[in-house]
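[1] Test case, fold it:
(one chain, ligands or ions: 1)
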Amino acid sequence: MIEPISGGALRLGDARVDLLDGGAFRLDGGAMFRVVPRALWAPLLPPDDQNRVTLAMRPLLVRTGGRTVLLDAGIGPERRDARFAERVALAAGPPLEDQLAALGVAPDQVDLVVLTHLHFDHAGGLVRADGRPRFPRARVVVQRDELDDAAADCPLCRASYVQDDWAPLTDLLAPVAGDAEVAPGVRVVRTGGHTRGHQVVRVDGGGATLAFWGDLVPTAAHLRPHWVMGFDLYPVEAFERKRDLLGPAVDAGWAHVLYHEPAVALGRVVAAGRGQRLEAFA
Ligand SMILES: [Zn+2]
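    Residues are numbered from 1 along each chain as shown. Here you go, the predicted model:
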């Protein structure tokens, strides 16, 4: 059973999840929707005068089975240079430390960080402004292929990986290959699509399930399987994996977290006209 605690928190049996505020930034709307015409996506995610759409970043804290797990880590706004911050209209959220403290969690109490992938807007928050790991005890779970690609400096993916986001974590990095249970009731499912080693996270508790979709389903507008991003390095795979994983998860009434969704980021998926939307739990 899914038991809402307040706007941004749920209980799934013994597991508790809390949505965090990682701030927001803006990216080109066309790039977010690949071949979908602007006339179709603009009503769902209205662009600004530079054709940029607002994207939130929503890390999730999961406490289950005596383990404290963070899913994705935000952009690390304090480490981004001013020109970049202006180009993407970066708006920092409250410091992650403060948000975790309000939930009774100190940085050294985080046991595990699971990253959907290593792009700067998901991994950037793992390293502090002084270059030290923000969560000094946390093992960082990422797919082995993702780590290899991030380190390879490939021409087409270079812009989205910032070596300083993860290189200082050397001893903490705990790569996995394929699907794995990484904490009691917390599983990674390798999807590829957005990047070769992209993974999503599934949390089970009390007979209920929550899915953390990373960039496989970045916003509610991307619930349509064929609405994939120009940023997806493997768009056909992104479409196929989304089609195969999302449909059954929606039918089964799972809770969903859409990392970049600027409005409702945690909820259940309900029908809306000819499409679907994410509806907050009451
Ligand atoms: Zn992203």
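[2] got the residues of the stretch 1-150 of the chain near the ion?
    Counting by CB under 5 Å from the ion, the stretch 1-150 of the chain comes close to the ion at Asp121. In short, each C-beta sits where N, CA and C put it, glycine included.
[3] Do a quick rundown of the strands in the stretch 1-150 of the chain.
    2-6, 9-12, 15-19, 24-28, 52-56, 60-64, 67-71, 112-114, 139-143 (DSSP state E, counting those that start in this stretch).
[4] Find the closest residue to the ion in the stretch 151-282 of the chain.
    Nearest to the ion in the stretch 151-282 of the chain, going by CB to the ion, is Asp215, at a distance of 4.5 Å.
[5] Return the residues in contact with that residue.
    Counting by CB atoms under 8 Å, 6 or more residues apart in numbering, Asp215 makes contact with Thr116, His117, His119, His122, His194, Thr195, His198, Met229, Phe231, Asp232, Tyr259, His260.
[6] how about 10 Å then?
    Shown in contact with Asp215 (CB atoms under 10 Å, 6 or more residues apart in numbering): 72, 116-117, 119, 121-122, 160, 191, 193-195, 198, 200, 222, 228-229, 231-232, 238, 258-260.
[7] got it, and Leu112?
    With CB under 10 Å, 6+ apart, Leu112 has these contacts: 62, 67-71, 135, 137-141, 172, 174, 182-183, 186.
[8] Could you tell me how far it is located from Ser6?
    With the distance defined as CB to CB, to the nearest Å, Leu112 ends up 24 Å from Ser6.
[9] same thing with Gln50?
    35 Å.
[10] go on, Phe281?
    For Phe281 relative to Ser6 (CB to CB), the value is 9 Å.
[11] and what of Trp166?
    When distance is defined by CB to CB, Trp166 is 32 Å away from Ser6.
[12] swap in Ala106?
    Distance from Ala106 to Ser6, counting by CB to CB: 22 Å.
[13] what's around Leu96, how many residues?
    With neighbours defined by other CB atoms under 10 Å, the count for Leu96 comes to 24.
[14] Verify the contact between it and Arg58 for me.
    No: the criterion here is CB atoms under 10 Å, and Leu96 misses it with Arg58 at 11.9 Å.
[15] for Trp213, what are its contacts?
    116, 191, 200-201, 219, 222-223, 242, 245-246, 249, 256-261.
[16] Which phi and psi values does it adopt?
    With angles defined as degrees, to the nearest 10, Trp213 sits at phi -90, psi -10.
[17] Let me know the pLDDT of the most centrally placed residue in the chain.
    Centre of the chain computed as the mean C-alpha position; nearest residue by CA atoms, centre = their mean is Gly214, 3.4 Å away. You'll see Gly214 listed with a pLDDT of 98.
[18] isn't it right next to Val142, touching?
    No: applying CB under 10 Å, one finds Gly214 not in contact with Val142, separated by 11.3 Å.
[19] and for the two, which residues touch both?
    Jointly contacting Gly214 and Val142 under the rule CB under 10 Å, 6+ apart are Val114, Leu115, Thr116, His117, His122, His198, Gln199.
[20] do you know how far the fourth one is from Asp149?
    With distances defined as CB to CB, the gap from His117 to Asp149 amounts to 9 Å.
[21] Comparing the two, which residue is more hemmed in?
    Per other CB under 10 Å, whichever of His117 and Asp149 has more neighbours is His117, with 29 against 19.
[22] is it true that that one touches Val142?
    Yes: counting by CB under 10 Å, His117 touches Val142, with 7.4 Å between them.
[23] list residues touching both of those two?
    Ala123, Ala150, Gly197, His198, Gln199.
[24] how about the first one, what does it touch?
    By that I understand Ala123. 72-76, 113, 115-117, 140, 142, 146, 150, 161-162, 165-166, 169.
[25] which stretches of the protein form helices?
    Applying DSSP state H to the chain gives helices spanning 29-33, 38-41, 82-87, 96-102, 120-123, 144-152, 163-166, 235-251.
[26] Just name the most buried of those helices.
    helix 120-123 (a mean of 26; mean count of other CB atoms under 10 Å).
[27] Please work out the average pLDDT along stretch 177-188.
    98.
[28] Kindly apply the preceding question to stretch 63-80 instead.
    pLDDT averaged over stretch 63-80 gives 97.
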